[in-house]
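*Asks:* using only what follows, build the 3D model:
(2 chains)
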Number of protein chains: 2
Amino acid sequence: MDIEQFRKAGYAAIDRICDYYASLQARPVIAQVQPGYLRKLIPDAAPEKGEDFTVVQDDYQKFIVPGLTSWQHPSFFAYFPTACTFEGILGDLYASSVCHPGFNWSCSPASTELEAITMDWGAKLLGLSPAFYNTSGVGGGVIMTTASDSALTVIVAARSRYTRLFPEVKAEQLILYVTTQTHSLGVKAGLVLGLKVRAIDVKAEDNFALRGEVLRKALEEDTEKGLKPFVFVATVGTTSSGAIDRLEEIGPVVQDYPGLWLHVDAAWAGVALSCPEYREIAKLASINEYATSFCTNFHKWGLVNFDMSTLWVRDRKLLTDALDVTPEFLRTKHGDAGTVVDYRNWHLGLGRRFRSLKFWFVLRGFGVKGFQNYIRRCIKLNDLFVSLLKSSPNFAIVTPPSFALTVFRLEPTQSSDINPSASQLNDLNRIFWSRVSARHDIYLTQTDLNGVFCIRLAVGAERTTEAHIRQAFELLSTEAEGALKVWQEARTADE
Amino acid sequence: MDIEQFRKAGYAAIDRICDYYASLQARPVIAQVQPGYLRKLIPDAAPEKGEDFTVVQDDYQKFIVPGLTSWQHPSFFAYFPTACTFEGILGDLYASSVCHPGFNWSCSPASTELEAITMDWGAKLLGLSPAFYNTSGVGGGVIMTTASDSALTVIVAARSRYTRLFPEVKAEQLILYVTTQTHSLGVKAGLVLGLKVRAIDVKAEDNFALRGEVLRKALEEDTEKGLKPFVFVATVGTTSSGAIDRLEEIGPVVQDYPGLWLHVDAAWAGVALSCPEYREIAKLASINEYATSFCTNFHKWGLVNFDMSTLWVRDRKLLTDALDVTPEFLRTKHGDAGTVVDYRNWHLGLGRRFRSLKFWFVLRGFGVKGFQNYIRRCIKLNDLFVSLLKSSPNFAIVTPPSFALTVFRLEPTQSSDINPSASQLNDLNRIFWSRVSARHDIYLTQTDLNGVFCIRLAVGAERTTEAHIRQAFELLSTEAEGALKVWQEARTADE
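*Replies:* Down below sits the predicted model:
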C-alpha cells in the first residue's frame, strides 16, 4: 500500500468508525454469533497474492463487526467499562504510525519523556502525594498493560526487596496476601510466581472490606507458622462489589511488619479520586501515607483506550533493583550516565508501546473538569438506578452501592409472605440471571458474594444516559417478573 | 469530541501520517533532543478545561515528532527492525475504535476467533507442523506482547509441568537454561520468577551457537549436583550475531530428560521461515520435531506493527493447567461448556488487545508472496552490505552474516603491517563506535561477542533500498578512516 492508497483507506476507516458510533445504539450489545462462526467465513490460510485493501476493509465490516460485543454501547453494564474515546483512538493512531519499542530513552526520547510527564499529570489529577511524582526523583509512575501486569510487577519487586532484607528466608516461606474479594490477579500472580497465596476472609457485615484487625490476626498466625508475608494487595473498589479495604486500619498494621509491601489495586475505582468529594471514601489519605505502590486503570473508567494501567511506586529503585538487566546491546550513553529513565527496567518485558500519547490526548481533550464531570455523571446515573431498584418490592441491594457499581438481586421476601431459604433465593436469581444474560440488548454480569448469587450493574460507557438506565431497569423488571413466575411455579410444584 | 469533530481530526491525522512518511528520508534517524527536553515544552499538569483538538494535534507535531527516533527510517539499522506498515496502522486503528479487553470468547467473539484463525495462517506461512495449529485442538497459537512475555509465559508453564511431574522437587533445585548469547529475556525471566539461571557458554568457533554435546555436559553436571533443569530457551537468530543453536543436536539431548521443555525463541529470525529456501538453515525440521513451544515476533521483521509476538505451543493444556483462574465473575456459559478458547488462560494477565486484526490486514495486504519478497529483499540488501565490507581492507566480518544481520568491526591487520592486540582492537572499535553513534543520519548498535567489541547492522525497514546500503557503507568508511587516524596517532604517542 503506498501513501495515497493509505490516505484513501485511512479516510474510509475514519468514516466507518464514525458510522459505527452513529449506529451504536441500534446494534446489539452482545455479539449474536455462535462459537466457530468465523472459521466458516474466512479462508484457512493467508492468500498467496496481496489483496486490494477495499476488499479487506469490507470483510472487516461484514465478518468482524457482527462478532464484536460492543463495550461502548450505552447499555453495556457488564464487568467494568472499557474506555474508548475519540481522543484515545487518535492517540493510538498517531502512536501506531511511528511504531517503536520504547524500551529505553534513546530509542525514542519523546515516548519515555511523555510517559514520565503524563504520569505526573495523572498523579496530580488523582491527588496522589508528590512522593509518587516522577519529578520527585525517588518515586514515579509507569504505564503498564493491565492491573494484573501492574500487580505481578510489584509482587516481583516486593519479593526481591524482602529477600534482600532477609536473605535467610526461603522461597517456600514467602506468602502473598490478598482477600477473598481481591481480583483474581492476586491468585494468578501466586500461580505465575510459584508462591503461596493467602486469601483472607472478609465478611458481609464489613461490606466485604478487609479490617485492620483481621489482617493483623492473619499476619500473627502465619508468622507464628514461620511463614513470611511480604506483600498485601489491598483493593479500593473490588470487582464483585466495589468494596474498599480499610486502608486507614491496614496501613498501621502493615508498618508493624518490616519489608511488608502494601500494594493498592484501585484498577476500577481509582479514577474517582479525580473528584475531591470522593477522596475520603476512596481512602486517598491512607494511600498517600501507607501505600508502597498504587495502581488504577485509566482504560476502565478513565476514558483512555485499553491498554492503560497506571502504576505509581514510592521508590522506583524497588522496581529497578528487581528488574534491571543490561547486556551490552542494550547499553546507551544516556542510560550509562544515569541521566534518563529507561522504562524497560520498570516492567517485566523489554519492548513497550507508546501509550502515553493517548493519555496526553485524553487529559488535554477533556481537561480536569471534563474528566470529573464524566465520573460524576456515571455515579449520578448509578444513583438513579439504585433509586429505581429501591422503588421496587422485588429487588434488593446486596451491598452498599459503590461509586458507579450496584450489586443487586431478587429478594421478593421484602414484599410478600413467602419466606424462601438462602438456597431457594439463589435458585431464583440464577433463573433471573439466565433470562437477563440471554438478551442481546443489555449486558450485565453476575457474581457471588460469600455464597450469595447476585447481579452487578456498572455504569461507565461514555454514551450512557438517564434513558438507558431507565430502560435497563424496565427490562430487568420484566425479566424479574418472568423469573419469579417460573420460580414460584417450581416451588408450588415442590410442595 | 463529537463524531464530526472526530471525522475532521481523523482525516487530519491520516494526512499528517502521509506527510510523515513522505518526508521520512529527510528526517534525522535519531531524535536530536537532550534528556529533559519535553518537560521544558509542556505544562506540568493537565489543563483545567478541555482543549480544542487542533491545538493538541499541532503540539504533537511540534513537540513529540522531533523527539521520536524514526525506526521506519530507511537508514535505521539498529537493534532489530520494528515493523510499521500502513496495513498494520489500519488494523490498530480499527481495533482501537472498538476497544474491548478480549479476555474470553464471550466478551468479543470475533477477537478470539480471528486470533485463533490468523495464528493458524501464521503457522502455515512459516511451515510449522500442524501439531501447532489451533485446529489441531491440542496445540495452538496465541498472540503475546513481546518475546519476553512469550518466554516468561512458557517458563511458568514449564515450571508448572515439571513440578506436577516431580512433586518432590523444590523451587531452589529448579534451573532455567539459556546460553550466553540468549536474549536478556532468559535472565530477566529468572529474576522475575526467582529461579536459578544457567547461561551455558557458547564458543566463537561454533559461531556462538549451542551444540548438543555442550548442552548434555551442562545437564549432566547440574543433575549430578541435584539441580533440575526444567526448560531450555534455544535461539534461532540471537540478538548479538544472529546465531542459530544446533536444534538438530539439542532436540535429542532434551528428549533424554523427561519434563525438560524446549522453547525456541526465534523472535527476530523466525519470519524467515516464510521462505522455503531458509527453512533448513533456520532449523524448521527440528523445531517441528522437538520444540515444546516456538516464538517469533511479527512486529520485528514481520511487517506487523508492534506489539505482535506470536507464540505456538504443542499442547495448549500446558498453558491452561498453569494459568487458569476462574472466579464466578469470569464464568461464561460458553467457557463452562468448553466449546470456546478463553485466551486469558493462555497468558499471564487477564485483558488483552485485539491484535489479530492487524495480523490479518498485513497477511492479506501482502499475501504470502509479498511477505516472502520483503524478507528476500532484506537479505539481499544485507548481502550487498557484506560484499561492500569485503571490498574494504579495513573491515572484518566477525561472524557469518545471518539472514539480514551483519556483525563487523575494524580490523586493519588485514591490510597493513600493524599488529594490534585484542584490547587495542577493541579500543579502535570503541573509537569507531563513538563516532558512528554520534551521527543522526544513521542508526546502528554495538555488541560484545566473548570480549570482542563489534558493530551490528540489521536491515529491515520497509523503505530501505540499495542506495541506503551504499550510503551506509560510505558513511561507515568515512568514520572508519577518522577512527583509524585517531587510534594510530594514540598508538604512535604510546610507543
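
*Asks:* go ahead and confirm A:Thr112 touches A:Asn104.
*Replies:* Yes. Judged on Cβ atoms under 8 Å, A:Thr112 makes contact with A:Asn104 at a distance of 7.4 Å. In this view, the C-beta of every residue, glycine as well, is placed from N, C-alpha and C.

*Asks:* and the two? which has more neighbours close in?
*Replies:* Applying other Cβ atoms under 10 Å in any protein chain shown to A:Thr112 and A:Asn104 shows that A:Thr112 carries more neighbours, namely 27 against 24.

*Asks:* contacting residues around the closest residue to the more buried one other than its chain neighbours?
*Replies:* Distances taken as Cβ to Cβ, 6 or more residues apart in numbering or on different chains place A:Trp105 nearest to A:Thr112, at 4.7 Å, with adjacent residues excluded. By Cβ atoms under 8 Å, 6 or more residues apart in numbering or on different chains, A:Trp105 lies in contact with A:112-113, A:332, A:334-335, A:340-342, B:35.

*Asks:* what do A:Thr112 and A:Asn104 both touch?
*Replies:* A:340, A:342-343.

*Asks:* give me the subset of the contacts of A:Trp105 lying in helices.
*Replies:* Among the contacts of A:Trp105, the ones falling in helices (DSSP state H) are A:112-113, A:334-335.

*Asks:* can I get these in a markdown table including distance to A:Ala46?
*Replies:* Listed next are those as a markdown table, based on distance: Cβ to Cβ, whole Å:
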| residue | distance to A:Ala46 |
| --- | --- |
| A:Thr112 | 36 |
| A:Glu113 | 39 |
| A:His334 | 41 |
| A:Gly335 | 39 |
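
*Asks:* out of these, who's nearest A:Phe232?
*Replies:* Using Cβ to Cβ, A:Thr112 is the member of the ones in helices among the contacts of A:Trp105 that lies nearest A:Phe232, at 30.9 Å.

*Asks:* where does that closest one land on pLDDT?
*Replies:* The confidence metric pLDDT takes the value 97 at A:Thr112.

*Asks:* show me what contacts the closest residue to A:Tyr278 other than its chain neighbours?
*Replies:* Leaving aside its chain neighbours, A:Tyr278 sits nearest to A:Ala272 (4.4 Å; criterion: Cβ to Cβ, 6+ apart). Residues near A:Ala272 by Cβ under 8 Å, 6+ apart: A:237, A:278, A:282, A:301, A:375, A:379, A:403.

*Asks:* what do you get if the cut-off is 7 Å, keeping everything else the same?
*Replies:* A:278, A:282, A:375, A:403 (Cβ atoms under 7 Å, 6 or more residues apart in numbering or on different chains).

*Asks:* on the three-state scheme, A:Val233 is what?
*Replies:* Following DSSP: H, G, I helix; E, B strand; the rest coil, A:Val233 is assigned to strand.

*Asks:* which residues are in contact with stretch A:172-182?
*Replies:* A:155, A:159, A:162, A:186-187, A:189-190, A:195-202, A:208, A:210, A:222, A:226-233, A:235, A:238, A:240, A:243, A:245, B:171.

*Asks:* any of the residues you listed buried? List them.
*Replies:* A:155, A:159, A:162, A:186-187, A:189-190, A:195-200, A:202, A:208, A:210, A:222, A:227-233, A:235, A:238, A:240, A:243, A:245, B:171 (16 or more other Cβ atoms under 10 Å in any protein chain shown).

*Asks:* tell me where chain A has strands.
*Replies:* A:140-144, A:174-179, A:196-200, A:228-235, A:261-265, A:293-297, A:309-313, A:395-397, A:405-410, A:445-449, A:452-458 (DSSP state E).

*Asks:* identify the farthest-apart pair in the ones in helices among the contacts of A:Trp105.
*Replies:* Maximum distance among the ones in helices among the contacts of A:Trp105 (Cβ to Cβ): 14.3 Å, for A:Glu113 and A:Gly335.

*Asks:* of the two, who's got more company?
*Replies:* Comparing A:Glu113 with A:Gly335 by neighbour count (other Cβ under 10 Å), the higher total belongs to A:Glu113, at 26 against 18.

*Asks:* right, and that one touches B:Leu38 too?
*Replies:* Yes. A:Glu113 is within contact range of B:Leu38, at 3.9 Å (criterion: Cβ atoms under 7 Å).

*Asks:* find residues that contact each of these two.
*Replies:* The contact lists of A:Glu113 and B:Leu38 share B:Gly67, where a contact means Cβ under 7 Å, 6+ apart.

*Asks:* ok, A:Trp71 touching B:Phe103?
*Replies:* No. Between A:Trp71 and B:Phe103 there is no contact under Cβ under 7 Å: 11.7 Å.

*Asks:* what is the burial count for A:Ser421?
*Replies:* Using other Cβ under 10 Å: A:Ser421 sits among 8 other residues.

*Asks:* now A:Thr118
*Replies:* 29.

*Asks:* distance check, the nearest residue to A:Gly186 once chain neighbours are set aside against B:Gly67.
*Replies:* Using Cβ to Cβ, 6+ apart and skipping the chain neighbours, the partner closest in space to A:Gly186 is A:Val178 (3.4 Å). Distance, A:Val178 to B:Gly67, using Cβ to Cβ, to the nearest Å: 40 Å.

*Asks:* again with A:Val98
*Replies:* Distance from A:Val98 to B:Gly67, by Cβ to Cβ: 11 Å.

*Asks:* over to A:Gln446?
*Replies:* Counting by Cβ to Cβ, the gap from A:Gln446 to B:Gly67 is 47 Å.

*Asks:* could you check which of the two has the larger neighbour count?
*Replies:* Legend: neighbour count by other Cβ under 10 Å for A:Gln446 and B:Gly67, higher for A:Gln446 (23 against 20).

*Asks:* quick one: contacts for the more buried one?
*Replies:* A:433, A:453, A:455, B:328.

*Asks:* what do you get for A:Leu428?
*Replies:* Per Cβ under 7 Å, 6+ apart, neighbours of A:Leu428: A:410, A:483, A:487.
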